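In: Structure, please.
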Amino acid sequence: MKKYEEVPYFKGIDDRRNILSKDDLKGNYTILIFYPKHLPGEYLEEVLQISQQHIKYNKISGIEGFDVNLIIVTPDTEEYLAGLRDENDLDITFISDKNLEISNLFNVIERDSVQRKAYILDRWVRLRDVCEDTNPIFVDKLYEKIENIVFDDFSIDKNIEFRRAKRSFSIKKVSDLEIKKIIEAATKAPSCFNNQPWRYHVINSDEKLKKSFEYIPDGNYWMKYSSALIAVYSKKEDDCALNDSRDYFLFDTGMSVANLLLQATKMGIIAHPVAGYKSEKLKKFLNIDDESVLITVIAVGYPGAGEYLTEKHVEVENGPRIRKELDDILKWN
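Out: This is a model prediction of the structure:
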């Protein structure tokens, strides 16, 4: 299994004789630990410590609104595990894997024996980390790993934080492969009834770019230093028809462009959408049908020094990222 892959589907009988499956883990973080048979042996003290840590798991640095499932999978019987839980007052769920079906799915069997190993899963039941360190640091490692994952998930994505509408392009050309990749990311966006109304037209030949730049006003002079333009268009008929005059194709295409911008940022590429261009003339030049709306044009290129920028744009380029306060744009209930 690779990081961020969903773990395989499994189900088993827990120590209370309930059926517990992968689906029951959704919505919570999960630490899924595999142990060999006869659990009270060398690992009993470790299991006691993990149980005692459960309250700590659910109060990671004061973040509220999540739970951590602690689940141990072992070949021991349900009766044996129930007795172990009650005798030691354990705050853990046990799954009896007598036939080793779950252990085989998670590839934890070596030399005909289950090896101790922990899988740390997120709310989507995706694999986020693995822990198989030796005693006595295993318990501390589990907490450190789940804490790091929760902090990562509760923070704003780094590419969202970093993305800026930059204007300083390098003279180096962005490859066709990279342009295809950022547009592929755009196609993963949601849309009404999966209509996918967005359309993309890439302009990156020198001849076509030179002609296209004729339709860019002087205020967007910096676009003429980009290595490609991406014209984004769509039409009302290609998306949901709503009876209250909402043009939903614009919203869906906007979500698609947002994906493109974030993927470009991740790949170290500037993707700067603009509203200023001679729309009808550019549409005609690109042979875009009259019914379509040319929603935006995105200037694409690698980051550069931007020696050509005006003093005003140099200041904007290097200045702080200004955003309205959350209270200014958010209301509850």
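
In: And the strands in the stretch 1-150 of the chain, which stretches?
Out: 11-14, 19-21, 29-34, 68-74, 93-96, 109-110, 113-114, 117-121, 127-131 (DSSP state E, counting those that start in this stretch).

In: Redo those strands as TSV? Include mean neighbour count and mean pLDDT.
Out: Every residue, glycine included, has its C-beta placed from N, CA and C. As requested, the strands of the stretch 1-150 of the chain are exported to TSV (neighbours: other C-beta atoms under 10 Å; pLDDT from 0 to 100):
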stretch	mean neighbour count	mean pLDDT
strand 11-14	17	93
strand 19-21	14	95
strand 29-34	24	94
strand 68-74	24	93
strand 93-96	23	95
strand 109-110	12	90
strand 113-114	16	90
strand 117-121	22	95
strand 127-131	18	94
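
In: what are the bridge partners for the closest residue to residue 19 other than its chain neighbours, then?
Out: Of all residues not flanking residue 19 in the chain, residue 11 sits nearest, at 5.8 Å (C-beta to C-beta, 6 or more residues apart in numbering). Beta-bridge partners for residue 11, by DSSP bridges, are residue 21.

In: Tell me who's in contact with residue 11.
Out: Taking C-beta atoms under 8 Å, 6 or more residues apart in numbering, we find residue 11 in contact with 19, 20, 21, 22.

In: What's the separation between it and residue 160?
Out: As judged by C-beta to C-beta, to the nearest Å, residue 11 and residue 160 stand 37 Å apart.

In: What of residue 28?
Out: 25 Å.

In: Show me which of those two is the more surrounded one.
Out: Counted by other C-beta atoms under 10 Å, residue 28 and residue 160 do not tie: residue 28 has more neighbours, with 15 against 12.

In: How much space separates that one from residue 141?
Out: 20 Å.

In: Ok, residue 265 next?
Out: Applying C-beta to C-beta to residue 265 and residue 141 gives a distance of 32 Å.

In: Between those two, which is the more surrounded one?
Out: Legend: neighbour count by other C-beta under 10 Å for residue 265 and residue 141, higher for residue 265 (21 against 15).

In: and that one, what element?
Out: Assessed by DSSP states H and E, residue 265 sits inside helix 248-266.

In: Just the CA trace of that helix, in CSV.
Out: Provided in CSV are the C-alpha atoms of helix 248-266 (Å, rounded to 0.1, in the frame of the first residue of the first chain):
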residue,chain,number,x,y,z
TYR,A,248,-23.9,27.2,-13.4
PHE,A,249,-21.4,26.6,-16.1
LEU,A,250,-19.4,29.6,-14.9
PHE,A,251,-19.2,28.2,-11.4
ASP,A,252,-18.2,24.7,-12.5
THR,A,253,-15.5,26.0,-14.8
GLY,A,254,-14.2,28.3,-12.0
MET,A,255,-13.7,25.2,-9.8
SER,A,256,-11.9,23.5,-12.6
VAL,A,257,-9.5,26.5,-13.0
ALA,A,258,-8.9,26.5,-9.3
ASN,A,259,-7.6,22.9,-9.6
LEU,A,260,-5.3,24.0,-12.4
LEU,A,261,-3.9,26.9,-10.4
LEU,A,262,-3.1,24.7,-7.4
GLN,A,263,-1.5,21.9,-9.5
ALA,A,264,0.6,24.5,-11.3
THR,A,265,1.7,25.9,-7.9
LYS,A,266,2.7,22.5,-6.7
